[in-house]
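Chemist: next input, structure requested:
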Amino acid sequence: MEKKVLVPVAQGTEEMEAITIIDVLRRAGAHVIVASVDDIHVKGSSGIEFKANRLIQECMDEEFDLIVLPGGIPGAQNLRDSKELEILLKKQAAQKKFYGAICASPALVLHRHGLITPGKVTCHPGFVDLIGKENIVEQNVVIHNNCITSRGAGTACEFALTLVALLYSMEKKQQVARGLALVTA
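Modeler: Numbers count the residues shown, from 1 in each chain. Modelled structure (predicted):
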């Protein structure tokens, strides 16, 4: 069964996180929509340019099995400032559907909009103080209820494979991991 996933991006999004998430979820068979909160043409935090499928405004009436945010600076700040994205994330949480973020986005976006605390979470070590140490778990990927968070670019593949397991199954996660030639999954 195909799952529908929204990956919001913005100017300054961390390219490695965005592309890894998109690629791994598509390999699993998910219908991934990459929606920009500001411009269809995105210049990432490392200067790599890519094109989103559409603008976030075009996604407001859609339902998603998962909404997952890459990080990066100033990408996470630009995601945080999108009123449309805030509405979509709060709707996703209220419906008890999966949502997640990696790197700076758990702190700058999810925490800012009241979507992770109280609860267990992880994020890039440089943003821990914005959340509060009592909520932080020192793990690469943390699942708390329907919220999945991860630390940064170095954990992007593990994060994306965890999302595959949640959306589909452990078998699908292992299948995708084998296709990526990962020794462990």
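Chemist: the strands in the chain, which residues?
Modeler: 4-9, 31-36, 41-43, 49-51, 54-55, 66-69, 98-102, 141-144, 147-150 (DSSP state E).
Chemist: quick one: distance of the fifth one to the chain centre.
Modeler: On the basis of Cα atoms, centre = their mean, to the nearest Å, the separation between the geometric centre of strand 54-55 and that of its chain is 17 Å.
Chemist: kindly report the same for the fourth one.
Modeler: Between the mean C-alpha point of strand 49-51 and the mean C-alpha point of its chain there is a distance of 18 Å (Cα atoms, centre = their mean).
Chemist: closest one to Leu167 among the strands of the chain?
Modeler: With respect to Leu167, and counting by Cβ to Cβ, the nearest of those is strand 66-69 at 6.1 Å. C-betas here are computed from N, CA, C, even on glycine.
Chemist: can you list the buried residues in the helix or strand of the chain with the lowest mean pLDDT?
Modeler: When the helices and strands of the chain are scored by mean pLDDT, DSSP states H and E, helix 128-131 comes last with a mean of 92. By neighbour count with 16 or more other Cβ atoms under 10 Å, helix 128-131 contains the buried residues Val128, Ile131.
Chemist: CA atoms only: put it into PDB for me.
Modeler: Coordinates of each C-alpha in helix 128-131 appear next as PDB, following Å, rounded to 0.1, in the frame of the first residue of the first chain:
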ATOM      1  CA  VAL A 128      19.500  21.100  22.600                       C
ATOM      2  CA  ASP A 129      19.400  24.100  24.800                       C
ATOM      3  CA  LEU A 130      16.300  25.400  22.900                       C
ATOM      4  CA  ILE A 131      14.300  22.400  23.900                       C
END
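Chemist: what does it contact?
Modeler: Applying Cβ atoms under 8 Å, 6 or more residues apart in numbering, the contact partners of helix 128-131 are Pro106, Ala107, Leu108, His111, Ile116, Thr117, Val121, Cys123, Ile136.
Chemist: which stretches of this structure form helices?
Modeler: Secondary structure of the chain by DSSP state H: the helices cover 15-27, 75-80, 83-94, 105, 128-131, 156-167, 170-179.
Chemist: reformat those helices as CSV; add distance to Lys51.
Modeler: Conversion of the helices of the chain to CSV gives the following (distance: least, Cβ to Cβ, whole Å):
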stretch, distance to Lys51
helix 15-27, 12
helix 75-80, 15
helix 83-94, 18
helix 105, 21
helix 128-131, 31
helix 156-167, 20
helix 170-179, 24
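Chemist: thanks again, I'm all set now.
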